[in-house]
Each structure stands twice: as C-alpha cells, then as structure tokens.
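*Asks:* got a predicted structure plus its sequence, pasted below:
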Amino acid sequence: MSGPVRASRIPHIPPEDLSDAQTQLLARVAHGRRRVPTPFRIWLHHPDLGERLRELGEVLSQPTKLTDAQTRLAILLLARRWHATYVFSMHAREARKAGLSDAVIEALRDGREPPLSNADDRLVYALAASFAAAEPTSDDLFARATSVLGHDGIAELLALTGYFTAVALAMKLYQVPVPDDAGE
C-alpha cells in the first residue's frame with residue numbers, strides 16, 4: 001500500500017476567503033479537538049455536505065453495538081480495499097489500542113483474511129468484506145449477522161463503512177501523504 005510521496009491536492013482556502021458557512025463548519029469540527037481532521041479540509045469546499053458528514057462522524061464516534069476493535073477492523077478492511085494508505089496508517093495505531101494484534105493488522109494491510117480468534121470479530125470482518133465485494137451478501141452471512149448484530153448493528157456497520165469509504169476515497173483522490181508521526 002505504498003507508493004511515491006506526493007504533495008496533497010487539497011486546495012488551501014485562506015482564512016480571509018472563508019465563507020460564513022465554512023467558518024462555522026471549521027469551528028464545529030475543531031471544537032474539542034486540537035486540530036481539524038484532514039478530510040474536513042476537503043469537505044470545507046462544500047460546507048453543507050461537510051456539516052452532514054461531521055454529524056455522521058459524531059454519531060459513529062459514540063459507543064455502538066460494535067466494539068472498538070470491530071470498528072477498526074472494518075475501517076482497515078475498507079482502507080485496504082480502496083488503497084487508502086493515509087486512512088490505513090492513521091487507523092492502524094487506533095486498531096492496536098483497541099486490541100487488534102500486529103498479525104491481524106499486517107494481514108489486512110496485505111489484503112489477506114486476518115487471523116481473528118473471536119467469532120463476532122470474524123462475522124464483522126466477513127460482513128464488511130461482503131459490502132466491498134461485487135456479489136451480494138449470502139443469505140447465510142446475512143442470517144448470522146442479523147442474529148448477532150441485529151438490524152441496528154448492521155445499520156451501524158453500513159454507515160461506518162460508507163463513511164470511511166468516503167474518507168478513504170477522498171484521501172486517495174487528493175493524494176494526502178501519510179504524516180511522519182502516523183505511528184504505523
């Protein structure tokens with residue numbers, strides 16, 4: 001998942017050129033943080049969309065039916081699927097904190113099925129992988145997912161993977177370089 005280091009394509013908007021909507025979005029995104037997350041430098045160019053994505057991101061950052069490890073598992077799977085090195089690198093550190101082993105992270109980085117010992121983690125991995133596959137999710141996998149996660153858990157996983165697919169594609173399209181302190 002590596003390649004030549006390039007400069008980011010994200011166009012900078014000087015503070016004096018920000019619209020009121022852009023200024024408000026920046027204030028809401030930065031509230032409680034020390035920085036503005038990189039995807040919002042892209043979505044700042046469409047502040048109405050950026051606001052909706054900010055709201056979804058806040059919902060997804062709250063405790064859900066998914067464990068933190070399952071959330072990171074799905075994010076890393078999708079980051080690898082979309083060749084989004086920035087997203088993978090930034091979330092690999094968080095995945096370790098959530099308890100995913102280096103062997104699991106390495107397998108995901110290499111595009112291999114990870115060695116997961118927990119049955120629920122394997123289910124989340126299989127379901128998230130099915131979202132990125134060309135063929136429909138099998139009836140058996142769907143039945144197991146509804147039994148374990150429920151429809152609300154499936155909805156959370158769908159929203160999470162959709163959100164991070166948008167993030168991954170944005171980071172890839174805008175060629176955002178991985179920071180030196182990414183911690184991978």
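*Replies:* Cool, the structure landed. Numbering: from 1, shown residues only.

*Asks:* residues touching Gly111, list them.
*Replies:* The contact partners of Gly111, by C-beta atoms under 8 Å, 6 or more residues apart in numbering, come to Arg80. C-beta coordinates here come from the backbone N, C-alpha and C atoms, glycine included.

*Asks:* what about Leu157? Give its phi and psi, please.
*Replies:* phi -70, psi -40 (degrees, to the nearest 10).

*Asks:* can you tell me how far it sits from Leu60?
*Replies:* Applying C-beta to C-beta, to the nearest Å, the value for Leu157 to Leu60 is 10 Å.

*Asks:* Ala79 now?
*Replies:* For Ala79, the distance to Leu60 equals 15 Å [C-beta to C-beta].

*Asks:* by contact count, what packs against the helix or strand bottoming out on mean pLDDT in the chain?
*Replies:* Lowest on mean pLDDT, DSSP states H and E among the helices and strands of the chain sits helix 38-43, with a mean of 88. For helix 38-43, the contact count by 3 or more C-beta pairs under 8 Å, 6 or more residues apart in numbering; DSSP states H and E identifies helix 20-30, helix 47-60, helix 150-173 as packing neighbours.

*Asks:* highest average neighbour count across those helices?
*Replies:* Among the helices and strands packed on helix 38-43, ranked by average contacts under mean count of other C-beta atoms under 10 Å, first place goes to helix 150-173 (a mean of 18).

*Asks:* picking up where we left off before, which of the helices and strands packed on helix 38-43 sits closest to Ser8?
*Replies:* When the helices and strands packed on helix 38-43 are compared by C-beta to C-beta, helix 150-173 sits nearest Ser8, at 9.1 Å.

*Asks:* before we move on, back to that, can I get the least confident helix or strand of the chain in PDB? Just the C-alpha atoms.
*Replies:* Taking C-alpha atoms only, helix 38-43 is exported to PDB below (Å, rounded to 0.1, in the frame of the first residue of the first chain):
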ATOM      1  CA  THR A  38      -7.800  16.200   7.200                       C
ATOM      2  CA  PRO A  39     -11.000  15.000   5.400                       C
ATOM      3  CA  PHE A  40     -12.600  18.300   6.500                       C
ATOM      4  CA  ARG A  41     -10.000  20.300   4.600                       C
ATOM      5  CA  ILE A  42     -11.600  18.600   1.500                       C
ATOM      6  CA  TRP A  43     -15.200  18.900   2.700                       C
END
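
*Asks:* and it, how far out from the chain middle?
*Replies:* In terms of C-alpha atoms, centre = their mean, to the nearest Å, the centre of helix 38-43 is found 13 Å from the chain centre.

*Asks:* just stretch 68-87 next, same as before
*Replies:* That offset, for stretch 68-87, works out to 6 Å (C-alpha atoms, centre = their mean).

*Asks:* list the buried ones in it?
*Replies:* Using 16 or more other C-beta atoms under 10 Å as the test for burial, stretch 68-87 gives 69-82, 84-87.
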